[in-house]
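Q: Sharing a model prediction with you, sequence too.
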Amino acid sequence: MIDIKVLREQPDAVRENIRKKFQDDKLPLVDEALSLDARNRAIKGEVEALRSERNKGSKSIGMLMGQGKREEAEELKKQIAALGGRIDELSAEEKQVEEQLLAAMMRIPNFIDPCVPIGKDDSENVELERFGEPVVPAFDIPYHTEIMERFKGIDLDSAGRVAGNGFYYLMGDIARLHSAILSYARDFMIDRGFTYCVPPFMIRSAVASGVMSFAEMDAMMYKIEGEDLYLIGTSEHSMIGRFIDQIVDEGQLPITLTSYSPCFRKEKGAHGIEERGVYRIHQFEKQEMIVVCRPEESPVWFDKLWQNTVDLFRSLDIPVRTLECCSGDLADLKVRSVDVEAWSPRQKKYFEVGSCSNLGDAQARRLKIRVNGSDGKYLPHTLNNTVVAPPRMLIAFLENNLQLDGSVRIPEVLRPYMGGKTELR
């Protein structure tokens, strides 16, 4: 959510930013918000004037009564009562207008960073850099679920009977590998100075609407029937929500946290053959990283965060690349986003395994997170990035470490988490 002062002073810049995101249907929101803001300020001015008049009148009543001018005092009481009625009317309208203004402002997208390429969708994202040499082995790489089935490591049929499509049972060494990757990712981030956290896996609507747009909530989140609770789609939601309505001392910044959680997502729509298996599911587990920092420090932290993911994947001998997300591929709250994609030897292409985002002060403004600085209070910047999400990580791991004889090599850094095993057979 942008600052209302920016909307007042630079409405054309707000409109241009909306156009760059190819969301022309939101252009009317600018005039709507400006109109509501003007009415809101007019109401506040009128209420303030009426209250001042009422206060003066109240003082005059006492003076008139003291002078024995009872009739004049009674007449003034009626006028003051009328003023009170008008104030009540305006106060009710003010509440309604403020709710409408907030709803409009929360739908206006955040300003994108000047370095973001302009494009309609993810097909126009721009490759930045490759890390590691992508290799296509001389033998065929089976589909990831086939590799898992060879180790008796997955049961999709039973999961379908128990919970429906989009769920899975992981078994044996594959389940152990899943947990090992998460444990390694946790320790990897702790070694980089991040504090480990296990957050709540449900959040209230005030937090959900504070960390994402309404469209994202509808597309992603499962609502708990009869309660003001949602299952989280990523631990970033509850991690940033931890600071709702809080004033953070500047000396605490930057706050760097890494969190484990299960994640629950609707994943609406059809996604094609490459997204069968465990590529796109309703439930998975993830290690996340978040940063709350001074505004001027967020570009530096942004680069540090995506580099953490690159370094982790490279430590597991998985080639990756980074993509700068174009304007049309950015969610409304994001200032900038870089995707990390892992190499798939089977598909002979890269696929997304993580996304690093700088949200500027959008989440802080929505959640009323403030910093008590030496020059007064200000809004911090928030950033998040995926360390690993093992379902997709498992795909990349198995494909890149599969050997000709059907065994799977365990990279050295992961062996302590796999009981010392050097390979799976």
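A: Cool, got the structure.
Q: buried residues in stretch 157-175?
A: Neighbour counts over stretch 157-175 (16 or more other CB atoms under 10 Å) mark 159, 166, 167, 168, 170, 171, 173, 174 as buried. From N, CA and C alone the C-beta is placed, and that goes for glycine too.
Q: now do stretch 195-207
A: Judged by neighbour count using 16+ other CB under 10 Å, the buried positions of stretch 195-207 are 197, 199, 200, 202, 203, 204, 207.
Q: quick one: contacts for the second one?
A: This points to residue 199. Shown in contact with residue 199 (CB atoms under 8 Å, 6 or more residues apart in numbering): 232, 235, 238, 239, 242, 259, 261.
Q: Equivalent analysis for the first one, please.
A: Residue 197 makes contact with 239, 257, 258, 259, 260, according to CB under 8 Å, 6+ apart.
Q: what about the helices in the chain?
A: 4-9, 11-20, 28-66, 70-105, 144-150, 156-162, 172-191, 205-211, 214-220, 235-241, 298-315, 362-367, 390-401 (DSSP state H).
Q: Of all the ones you listed, which one is nearest residue 135?
A: Across those, the minimum distance to residue 135, taken as CB to CB, is reached by helix 390-401, at 7.8 Å.
Q: So which residues lie in contact with the closest one, not counting its own?
A: With CB under 8 Å, 6+ apart, helix 390-401 has contacts from 135, 141, 144, 147-148, 174, 177-178, 181-182, 277-279, 281, 284-286, 313, 316-319, 342-346, 351-353, 408-411.
Q: per-residue pLDDT, residue 171?
A: Residue-level confidence at residue 171 comes out at 96, pLDDT.
Q: Which residue is the nearest non-sequential neighbour of it?
A: Nearest residue to residue 171 in three dimensions, chain neighbours excluded: residue 153, at 5.2 Å (CB to CB, 6 or more residues apart in numbering).
Q: so that neighbour makes contact with residue 168?
A: No. Between residue 153 and residue 168 there is no contact under CB atoms under 8 Å: 10.1 Å.
Q: In contact with residue 195, which residues?
A: The contact partners of residue 195, taken as CB under 8 Å, 6+ apart, are 256, 257, 258.
Q: out of those, who's nearest residue 418?
A: Nearest to residue 418 among the contacts of residue 195, with distances taken as CB to CB, is residue 258, at 21.2 Å.
Q: List the beta-bridge partners for the closest one.
A: Beta-bridge partners recorded for residue 258 (DSSP bridges): residue 196, residue 289.
Q: Wait, residue 115 touches residue 335, no?
A: No. Residue 115 is beyond contact range of residue 335, at 10.0 Å (criterion: CB under 8 Å).
Q: So between those two, which is more surrounded?
A: The residue with more neighbours, out of residue 115 and residue 335, is residue 335; 21 against 8, by other CB atoms under 10 Å.
Q: excluding its backbone neighbours, what's nearest the more buried one?
A: Using CB to CB, 6+ apart and skipping the chain neighbours, the partner closest in space to residue 335 is residue 360 (4.3 Å).
Q: For the residue of the chain most remote from its centre, what are phi and psi?
A: Largest separation from the mean C-alpha position in the chain: residue 68, at 67.0 Å (CA atoms, centre = their mean). Dihedral pair for residue 68: phi 80, psi 10, per degrees, to the nearest 10.
Q: For it, give its distance to residue 349.
A: Using CB to CB, to the nearest Å, residue 68 is found at 94 Å from residue 349.
Q: Could you do residue 186 as well?
A: 29 Å.
Q: And these two? Which one has more around it.
A: More crowded of residue 186 and residue 349, by other CB under 10 Å: residue 186, with 20 against 11.
Q: and the more buried one, what is it in contact with?
A: Contacts for residue 186 (CB under 8 Å, 6+ apart) come out as 196, 258, 260, 287.
Q: pLDDT score for the first one?
A: Going back to what we said before, that points to residue 196. Predicted confidence (pLDDT) for residue 196: 98.
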